[in-house]
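could you look at this predicted model? Sequence included:
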There are 2 protein chains.
Amino acid sequence: MTCVRTIAETRCHVAEARRTGLGIALVPTMGALHPGHGVLIDWARRPADFRVVSIFVNPTQFDRREDFEAYAINLNADLEFCAARGVDLVFAPSAAEMYPVPLSTRIEVTGLADHLCGPFRPGHFQAVATVVAKLFQIVAPDRAYFGEKDAQQLAVIQRMVADLNMPIEIVPVPTVREPDGLALSSRNARLTPEQRAAAPILYRSLERALQSLAAGSRSASEVRQTALEVLAEIPPLRVEYLEVVDAATLAPVETVTGPVLIAAAVWLGATRLIDNVAADVRP
Amino acid sequence: MTCVRTIAETRCHVAEARRTGLGIALVPTMGALHPGHGVLIDWARRPADFRVVSIFVNPTQFDRREDFEAYAINLNADLEFCAARGVDLVFAPSAAEMYPVPLSTRIEVTGLADHLCGPFRPGHFQAVATVVAKLFQIVAPDRAYFGEKDAQQLAVIQRMVADLNMPIEIVPVPTVREPDGLALSSRNARLTPEQRAAAPILYRSLERALQSLAAGSRSASEVRQTALEVLAEIPPLRVEYLEVVDAATLAPVETVTGPVLIAAAVWLGATRLIDNVAADVRP
C-alpha cells in the first residue's frame, strides 16, 4: 500500500493502475476509520479494482468550528487500518493541497438539501458535493462507495453524478451497527459512558416507527409521534429533527404511500448523532 | 468523421480513440459554425489528438427566449464544416439527451460572474459552467478550446476547472475578426445591412481605449470615456456596458496598474454584440 499527499502523485498511481487494466474504486473518508469504513472498503474489493481510500477532513463542510476541531484523526492508525484491509492507495492531502486558494466554484444540489440536515447545517451539502466532485476529478474512479447512514449525503451525490454525467457508479453500502443497534460513527467516540449507554435509543425509535408502519399506520405524523415517544424516554436527549420523507425527493410526506426514509438527528450533550431506516409500503 | 447523438456513443468513440493512444481535444460549440469556430478547430489540430466538436444549443443558458429561438442552426452545414476541417467526431445531442430531467445540480463560479455580462444575463454563467462541466464529463478531453471573444465565459471555465481539479487544459484562442475589425459571431448574421455597416464601431472604440492607455492615461474612467465617445458616433447603438476590469478578477478598476481587459456589450436593434481587448501597462 502506498500513501501519497499530492494530487499529482495520486494521478500517477491511478494512471499506472489503469494501464495495467485495473478499474478504480474509491472510498472517500474523513479518516478516524472504524469498522463501518472497513465494510465500505470490503465492498470495494472487486478482484479487478485498484482500491483507493481518500482521507481528508474537509474544513469547508463543517458548519460548527467545535465539530471540526473535535474531528481528530490519527493518520498512522488509519494507514494501518487500510493496509490490513488490502487498500492499494491512500490519498491523504493537506487542506492547502485541496484548497491552494479559496474556491470560487461551488456545486449546489437544490431540493435534496432543503430538508433533514440541510436547514440545520447551512452550506454543508454544497461543501460536500464540491469536495466530492474534486475527489472524483482527482481519482477518476469507476466506482465510489458511500454509507447509507449518511442518506442525505448519498442522495445529494447520486443526484450530482447523474446531473453532471460523471462516469462513476455510486455504490450505497448498508449502515453498520453495534450489537445494541447504534450506527457506527466517528462521533460515537466523543460520547461519555452515560451518553453511549443512552445512544441506542435513536435506532430503537426508528425501529418503533417501522413497527408502526408494519402495523398498518400510514399517517406520517402518527409514525413520527411513535418514534418521538421512544426518544422522550431519555430526557437529556434533544431531538433536532425526526422526519418521514419521500425516499427519492427527501421531502416530508403526510401519508406513506411508497418508499420512505425515516431519518433523525439528535444531540446527546455536545455530540450530534444521525441515523435513518428505509421502509416501503405496498398499496 | 462520425456524428453521434447520444452520450453512450460518444463515450464509446472516445474510449476507442484513447485505446489507440490518442489524446482527446474538444471544441464545445452551439453550432452555426463560422470561420471563428474554424480557428478553434485548427488550434485543436494536434497530430496525436482525436478531435471532438460538440454542437448543442444549450437552452438553459439563454436569459431571453427570443435569443434562443433566433439561434437557428443547420446541422448539415455544420457537419460539412467539421468534416472539411478534419474533425473526428461530432457530438450533437438533443436537449432530452442532455437534460432527461430538469437538473437539480448547478455549478456556480462566484465573483467572476458578478461583473460585465453577469448582471445583465442572470443565471447565464451558472448554466454555461454546468453544461460545460457535463460536456467535460461526457467527452473527458485532455484539452478544450475556447475563444477569447467570450472572455468572461473563458475566465469562468478556467476557474471552474482549476477549483474542481478537472484534468483538462483550457486553451484560449484569440478572437477572429472580419477585415473591418468586427469579431466573428453567429449573431452577426442577424444584423441588417445598416447595422452590419455600423457594427465595427465596437472594436474601433476598444482600439481607441487601447490608444488612450498607450498614450499614458491610467485613469479607467478616462479610458472608458474615450471609448464611449467613439460609440456615441452611432446614435442607434445602445451601450449595455463598457468596462475596464482587472484581467484576473474581472472586477472594474479605477486605475490601470497591471493586466486589464476592456470589454463591452452593445445593442444594435435586437442584436447584442460583445467584444473585448486585453492590455497591460508596465509600472
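Ah, there it is. Numbering: from 1, shown residues only, chains lettered A, B, ... in the order given.

what sits against whatever residue of the stretch 151-283 of chain A ends up closest to chain B?
In the stretch 151-283 of chain A, no residue comes nearer to chain B than A:Asp163, which is 3.7 Å away by C-beta to the nearest C-beta. (Glycine included, C-beta is placed from N, CA and C.) Listed by C-beta atoms under 8 Å, 6 or more residues apart in numbering or on different chains, the contact set of A:Asp163 reads A:Val109, B:Leu103, B:Ser104, B:Thr105, B:Lys134.

quick check: closest non-adjacent residue to the residue in the stretch 1-150 of chain A positioned nearest to chain B.
Closest approach between the stretch 1-150 of chain A and chain B, counting by C-beta to the nearest C-beta: A:Thr105, at 3.7 Å. Of all residues not flanking A:Thr105 in the chain, B:Asp163 sits nearest, at 3.7 Å (C-beta to C-beta, 6 or more residues apart in numbering or on different chains).

mind checking how far the residue lying closest to A:Arg85 once chain neighbours are set aside is from A:Val176?
Nearest residue to A:Arg85 in three dimensions, chain neighbours excluded: A:Ile41, at 4.7 Å (C-beta to C-beta, 6+ apart). Separation of A:Ile41 from A:Val176 (C-beta to C-beta, to the nearest Å): 12 Å.

compare these two (neighbour count), which wins?
Using other C-beta atoms under 10 Å in any protein chain shown, the more surrounded residue of A:Ile41 and A:Val176 is A:Ile41, with 22 against 18.

which other helices and strands contact the one helix or strand A:Val27 maps to?
For A:Val27, the host element (DSSP states H and E) is strand A:23-29. The contact analysis (3 or more C-beta pairs under 8 Å, 6 or more residues apart in numbering or on different chains; DSSP states H and E) places strand A:23-29 against helix A:7-19, helix A:35-43, strand A:49-55, helix A:124-139, strand A:143-147.

chain center to that strand, what's the gap?
The chain centroid and the centroid of strand A:23-29 are separated by 14 Å, computed with C-alpha atoms, centre = their mean, to the nearest Å.

same check, this time on stretch A:100-115
Using C-alpha atoms, centre = their mean, the offset of stretch A:100-115 from its chain centre is 17 Å.

now that stretch: average pLDDT?
For stretch A:100-115, the mean per-residue pLDDT is 96.

quick one: contacts of it?
Under C-beta under 8 Å, 6+ apart, the answer for stretch A:100-115 is A:60, A:124-127, A:129-130, A:133, A:152, A:155-156, A:159-160, A:163, A:243, A:245, A:249-252, B:104-112, B:129, B:159-160, B:163-164.

in that stretch, what's buried?
By 16 or more other C-beta atoms under 10 Å in any protein chain shown, the buried positions in stretch A:100-115 come out as A:Leu103, A:Ser104, A:Thr105, A:Arg106, A:Ile107, A:Glu108, A:Val109, A:Gly111, A:Leu112, A:Ala113, A:His115.

alpha carbons of it, as CSV, please.
Extracted in CSV, the C-alpha atoms of stretch A:100-115 (Å, rounded to 0.1, in the frame of the first residue of the first chain):
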residue,chain,number,x,y,z
PRO,A,100,-4.5,26.3,-2.6
VAL,A,101,-6.7,29.4,-2.9
PRO,A,102,-10.3,29.8,-1.5
LEU,A,103,-12.6,28.2,-4.1
SER,A,104,-14.8,30.5,-6.2
THR,A,105,-16.7,27.4,-7.6
ARG,A,106,-19.4,25.7,-5.7
ILE,A,107,-21.8,22.8,-6.6
GLU,A,108,-25.3,23.1,-5.3
VAL,A,109,-27.8,20.3,-5.4
THR,A,110,-31.1,22.0,-4.9
GLY,A,111,-34.2,20.4,-3.4
LEU,A,112,-32.5,17.4,-1.9
ALA,A,113,-30.6,19.6,0.6
ASP,A,114,-33.7,21.5,1.7
HIS,A,115,-34.9,19.1,4.3
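
in the helix or strand of chain A at the bottom of the mean pLDDT ranking, what counts as buried?
Taking mean pLDDT, DSSP states H and E as the measure, chain A has helix A:65-70 as its least confident helix or strand, at a mean of 87. By neighbour count with 16+ other C-beta under 10 Å, helix A:65-70 contains the buried residues A:Asp67.

which SSE is immediately downstream of that helix?
helix A:75-84.

show the average pLDDT along the helix or strand just after that following helix.
Using DSSP H and E, the helix or strand that follows helix A:75-84 towards the C-terminus is strand A:89-91. The average pLDDT for strand A:89-91 rounds to 98.

which strands or helices does strand A:89-91 pack on?
Under the contact definition 3+ C-beta pairs under 8 Å, 6+ apart, strand A:89-91 sits against strand A:2-4, helix A:7-19, strand A:49-55, helix A:75-84, helix A:124-139.

JSON lines please, covering these and showing distance to B:Arg196.
Listed next are these as JSON lines, based on distance: least, C-beta to C-beta, whole Å:
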{"stretch": "strand A:2-4", "distance to B:Arg196": "57"}
{"stretch": "helix A:7-19", "distance to B:Arg196": "49"}
{"stretch": "strand A:49-55", "distance to B:Arg196": "55"}
{"stretch": "helix A:75-84", "distance to B:Arg196": "65"}
{"stretch": "helix A:124-139", "distance to B:Arg196": "43"}
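
got the ones you listed as JSON lines, with mean neighbour count, distance to chain B and mean pLDDT columns?
Output for the helices and strands packed on strand A:89-91, formatted as JSON lines (neighbours: other C-beta atoms under 10 Å in any protein chain shown; distance: least, C-beta to the nearest C-beta, whole Å; pLDDT from 0 to 100):
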{"stretch": "strand A:2-4", "mean neighbour count": "15", "distance to chain B": "15", "mean pLDDT": "98"}
{"stretch": "helix A:7-19", "mean neighbour count": "16", "distance to chain B": "6", "mean pLDDT": "97"}
{"stretch": "strand A:49-55", "mean neighbour count": "25", "distance to chain B": "12", "mean pLDDT": "97"}
{"stretch": "helix A:75-84", "mean neighbour count": "16", "distance to chain B": "22", "mean pLDDT": "97"}
{"stretch": "helix A:124-139", "mean neighbour count": "24", "distance to chain B": "4", "mean pLDDT": "98"}
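
of these, which approaches B:Pro236 most closely?
Among these, helix A:124-139 comes nearest to B:Pro236, with 44.7 Å by C-beta to C-beta.

hmm, back to that, among the contacts of stretch A:100-115, which ones are in helices?
Counted as lying in helices by DSSP state H, out of these, are A:124-127, A:129-130, A:133, A:152, A:155-156, A:159-160, A:163, B:129, B:159-160, B:163.

first to last residue in stretch A:264-278, what's the distance?
Stretch A:264-278 stretches 12 Å from its first residue to its last (C-alpha to C-alpha, to the nearest Å).

re the thing from before, please name the bridge partners of the residue of the stretch 1-150 of chain A closest to chain B.
Under DSSP bridges, the beta-bridge partners of A:Thr105 are B:Val109.

can you tell me how far it is from B:Thr257?
Distance, A:Thr105 to B:Thr257, using C-beta to C-beta: 27 Å.

right, and A:Val131 touches A:Gln61 too?
Yes. At 6.6 Å, A:Val131 counts as touching A:Gln61 under the criterion of C-beta atoms under 8 Å.

check contacts around A:Ala279.
Per C-beta under 8 Å, 6+ apart, neighbours of A:Ala279: A:Ala209, A:Leu210, A:Leu213, A:Val256, A:Pro259, A:Val260, A:Leu261, A:Ile262.

so which of those residues is the closest to B:Leu202?
Relative to B:Leu202, the closest of those is A:Leu261; by C-beta to C-beta it sits at 55.5 Å.

ok, now which ones touch the closest residue to A:Met166 other than its chain neighbours?
The shortest distance from A:Met166 to any non-neighbouring residue, by C-beta to C-beta, 6+ apart, is to B:Gln137 (5.0 Å). For B:Gln137, the contact set (C-beta under 8 Å, 6+ apart) comprises A:Leu164, A:Asn165, A:Met166, A:Pro167.

many thanks, have a good one.
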